[in-house]
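# Mind folding the following:
(chains A and B)
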Amino acid sequence: MVSKTMGIGKYKEVLEEFNVVERCGKCGTCGTIYQNWRSICPAVEEHRFESYYLGGKLLLTWGLLYDLIKWDDSIRDVLYACTLCGHCANQCQMAETDGTKPMKLFAMNILEAMRYEAAKAGFGPMPRQKMFGDHVSGEHNPYLELHKDRLNWLPENIKPLPKKAETVYFVGCTSSYRQKNIAIATAKLFERLDLDFTVLSDEWCCGSPLFRTGQWETAVQIANHNIELVNQMEAKALATSCAGCYRTWKADYKETYSDLIDADYNFDVLHTTELLADLMKKGELKIEGEFKKKVTYHDPCHLAHCGFYDPPRQILQNIPGVELVEMERTKENAWCCGAGGGVKSGFPDFAVKTSIRRLEEAKETGAEAIVTPCPFCTRNLHDAAEKAKFKMEVYDVVEILAKAIEL
Amino acid sequence: MDREGLYEQLVAIAGSKWVSNREAELFLYSWDFLTTEPVGRPDFVVMPETVEEVQAVVRLANEERIPVIPYVKGLSIGGLTNPNEGGVVLDLKRMNKILEVDEDNMYTVIEGGVTQAQLKRYLDRHYPELRFTYTWAPPETGILPGLLNYGMFDLSLRYGSGDRLINGLEVVLPTGEIAYFGSRMFSSNWLCKNPVPDLMGLFIGWQGTTGIITKAGVQLFTNFPHRKTYLVNTSTMELGFDIQTQIAKVDIAEDITGENFFWFKAGEGYKLPIKKEKEDPESITYVTLAANTLKEMEAKEEIVKSLCERATAQLCLLEETEQTPVQVINDWDGAKAGSMQWIGAYMPNRHLAKCYRKSEKIFEKYGYPIQEYNRLMGNGHYGVIRFNACSWKKHDFDERKKVNAMLREVALALLECNGIIYKPPMWAAEILLKRGDPTAVKLMQEIKRLLDPNRIMNPGKLGL
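Presented below is the predicted three-dimensional model:
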């Protein structure tokens, strides 16, 4: 389906076969959850102009492709002020006779490709995204931290990790440098469960922030590095506690951008919650303690892109004391936390505002805490709770599990 | 005042976040991205939140003699919000409050930018025993633009076109003054349009050329607990229109809508043109019944079944019916081209079949599959028919001209069948005005001059 070309040219055949861009009629169905009618798009909720709808962005793409308009800052801003959660595309009802929904399949790919085009035309990415992109090239993380400090999170009271193991724990940048508690909880859990696991000595950013912001060349380089490194470990599985890393390994390296990446892999890619839920099911993960709270679960968009909804819920449902209540907008119709797609760095106020809206929805359920299996969502939800002085605790699923097990 | 000065004035009114003179917005509000209608280019797009902001923008525009185009979603499918003479597109999406629901008298008061999605969700959650009437149009379609432009809805068989549902209006006049009409003219309620001089007619059907509707009282209806939709298939359009009329006359249905084979198949995702096999029905009719009890429903079903048997029409229950509003995806998507434009008319029911055949020949001549859609209105007192052209690429400007030429011919066919074109695009309005009663047309033009002496309100539309 795709050719070995960067940018929108990568989707030449998709554009010809499904006409994804020109096909939009600006009807706005992408703005609300279909047949529920609650708003679904953070960018539309915030900005309201037609340009911020998925349809608006696709028609701007159409205008650019047919030379009806020229790149400028306003088009760049519209394309980048989008979390790429993709839930807009889930609402579009355009369908082929076999039920294929082309918007759902391709719209987000097209938007990512247009960000690459924006960068190529000299209008993207947003300044802070460019800064972290440059930093990833040298120090392999977008947090402007030093690569040599990447494993500083590793607690001293954990036994030394082997050089090779059955499972590689891919920590990700956010848990390595910011939400270290998630990495610590995960490692301790793995140790308690006596899993044969290790971490990479030279783990680089997975590249997700770069794929999303149009900085593909660097993203491809680091994808090759990471894959080759894990291949050398001869591991059977790679587990990550980060939703963004999971999607990048599972979908981007293997499918979306596989045509651009030379390296390939054959090991399993798992989200930590998937691995833990499986152990729970087998009776190998027993919880003696409890976590007595009413909680609600936030679906990270990166996991939604992979159709991954159940394992974190299964874990929560099996923790004694946890009362799990669902928000109105869940799974493929979840309200994004606001951080994705480079928005956290490109438009930080908008990111937090979107997260506050999510916390308000969480509050509607009567929950005391919002739980998610994504360190980046956790971080943004934390920031929002702090900024809005919101009485809502924010946890990663693994953190709650660790508390219940009393690690 | 120069453009920069105007921009600053608009920012002072609505705030910088809600005023745009940026390429992204100017492009996206230049056209409806669906039709063959001429593309304009606004100077500014403004999103007011309050009626006071609307007033201030209109006053400024009136002083500066710049056009103002009221806008909610731009889905008239006739380019009625294309800013053909530039100016300010006033996008009312932020004026989306549902201000009141009067359960006893069954009406709601809504702001000008409220969409089908918002009202549907609000009523379903808070007043499930009440409903509004929706159209087969996307969820973000504005409620009031549809009512004000004689749109048809899923209760139109019972209540007629959208304008009949309006109890009262709050209007910002082209001078920036504010005025109330309907019962709200003499009282604080929005009960009904009576018993006062019907000045609402100065704003209904005028395509935004006489004022901006910022608020309206509109009727709500009983949300019956039982609701079913039947498909009635017939081998010819003639038989289809005939059974529609028969069912309308027994006065038991909520809604009777028909479409031809090609519209129906496009709706299923087929790329047009598609071959129609001999056994395929030419006409597909949707008959919706509603009832308070199962017994009442069964009685209505029995009548419909008996009529269909006599007419040798195939009847089947539509098992999975989506609630309106729906995304009319494939109306314009049948050619996977993201384009559509229809031309339609209010028409005597007895002329519907003749009109279809005339139009079919025109579509054949131009090489496009005919898509037809019709509805019986107001207890069957009249019908609405429209013909859609969709199999063209919107980036192909030559083809757009060809499609427009075809639609013009269809418009003439509609008029020959005693039809009155509704939601007319600019070219169709010109045809209508030329054929209209000269004294009435002159009066219409005088009224426009009186209300909008500087011709700032959506200029060019409706021949004004």
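
# Excluding chain neighbours, give the residue nearest to residue A:377 in space.
The shortest distance from residue A:377 to any residue other than its chain neighbours is 4.2 Å, reached at residue A:337 (CB to CB, 6 or more residues apart in numbering or on different chains). Bear in mind the C-beta positions are built from the backbone N, C-alpha and C, glycine included.

# Just to check, the one you found is in contact with residue A:300?
Yes: contact criterion CB atoms under 8 Å: residue A:337 and residue A:300 qualify, at 7.3 Å.

# For residue A:394, see how far away the residue nearest to residue A:377 is.
10 Å (CB to CB, to the nearest Å).

# cool, and residue A:99?
Distance from residue A:99 to residue A:394, by CB to CB: 38 Å.

# what about the two, which has more around it?
residue A:394 (25 against 7; other CB atoms under 10 Å in any protein chain shown).

# Am I right that the more buried one sits in a strand?
Yes: assignment of residue A:394 by DSSP: H, G, I helix; E, B strand; the rest coil places it within a strand.

# now it, nearest residue through space, not along the chain?
Nearest one to residue A:394, counting by CB to CB, 6+ apart, is residue A:381 at 4.5 Å.

# now swap in residue A:184 and tell me
Nearest to residue A:184 is residue A:155, by CB to CB, 6+ apart, at 5.5 Å.

# likewise residue A:320?
residue A:290 (4.0 Å).

# The one you found and residue A:318 touch, don't they?
No: using CB under 8 Å as the test, residue A:290 is too far from residue A:318 to be in contact (11.3 Å).

# So which of these two has more stuff around it?
residue A:318 (18 against 13).

# one step back: where do the contact lists of residue A:337 and residue A:300 overlap?
A:372, A:374, A:376, A:377 (CB atoms under 8 Å, 6 or more residues apart in numbering or on different chains).

# want to try CSV for those, with neighbour count, pLDDT and secondary structure as columns?
Below are the shared contacts of residue A:337 and residue A:300 laid out as CSV (neighbours: other CB atoms under 10 Å in any protein chain shown; pLDDT from 0 to 100; DSSP: H, G, I helix; E, B strand; the rest coil):
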residue, neighbour count, pLDDT, secondary structure
A:372, 24, 98, strand
A:374, 34, 97, coil
A:376, 27, 96, helix
A:377, 32, 97, helix
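
# rewinding a little: ok, how many other residues are close to the residue nearest to residue A:377?
34.

# OK, contacts around it?
Contact partners of residue A:337, counting by CB under 8 Å, 6+ apart, are A:298, A:300, A:301, A:354, A:355, A:358, A:372, A:374, A:376, A:377, A:380, A:381.

# Look up how far residue A:171 lies from it.
Going from residue A:337 to residue A:171 by CB to CB gives 20 Å.

# And for residue B:319?
Distance from residue B:319 to residue A:171, by CB to CB: 51 Å.

# who's more crowded, those two?
residue A:171 (26 against 7).

# Just list the residues touching the more buried one, thanks.
Residue A:171 makes contact with A:150, A:153, A:183, A:186, A:199, A:203, A:240, A:241, A:242, according to CB under 8 Å, 6+ apart.

# Next one: the most far-flung residue of chain A relative to its centre, what pLDDT does it get?
Of all residues in chain A, residue A:68 sits farthest from the chain's C-alpha centroid, using CA atoms, centre = their mean; the distance is 33.4 Å. Model confidence at residue A:68, expressed as pLDDT, equals 96.

# element containing it, please.
Using DSSP states H and E, residue A:68 maps to neither a helix nor a strand.

# and residue A:168, helix, strand or coil?
From three-state DSSP, the assignment for residue A:168 is strand.

# Keeping just the C-alphas, turn stretch B:179-194 into CSV.
What follows is stretch B:179-194 as a C-alpha-only set of coordinates in CSV (Å, rounded to 0.1, in the frame of the first residue of the first chain):
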residue,chain,number,x,y,z
ALA,B,179,-36.0,43.1,17.8
TYR,B,180,-38.4,40.3,19.0
PHE,B,181,-41.1,38.7,17.0
GLY,B,182,-43.9,36.1,17.5
SER,B,183,-45.5,36.0,20.9
ARG,B,184,-42.2,37.4,22.3
MET,B,185,-43.1,40.7,20.6
PHE,B,186,-45.7,41.4,23.2
SER,B,187,-44.8,39.1,26.1
SER,B,188,-42.0,37.5,27.8
ASN,B,189,-42.8,34.0,26.5
TRP,B,190,-42.0,32.2,23.3
LEU,B,191,-45.4,30.4,23.3
CYS,B,192,-46.4,30.7,19.6
LYS,B,193,-46.3,32.9,16.6
ASN,B,194,-49.8,34.0,17.1
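
# Let me know the next secondary structure element after the lowest-mean-pLDDT helix or strand in chain B.
Of all helical and strand segments in chain B, the minimum by mean pLDDT, DSSP states H and E falls on helix B:329-333, at a mean of 62. Later in the chain than helix B:329-333, the nearest helix or strand by DSSP H and E is strand B:341-347.

# can you give me the helices in the stretch 1-150 of chain B?
B:3-14, B:23-28, B:51-64, B:116-126, B:143-148 (DSSP state H, counting those that start in this stretch).

# for those helices, which one ends up most surrounded?
helix B:143-148 (a mean of 26; mean count of other CB atoms under 10 Å in any protein chain shown).

# elements contacting it?
strand B:212-219 (3 or more CB pairs under 8 Å, 6 or more residues apart in numbering or on different chains; DSSP states H and E).

# which residues touch residue A:305?
Going by CB under 8 Å, 6+ apart, residue A:305 touches A:86, A:108, A:247, A:251.
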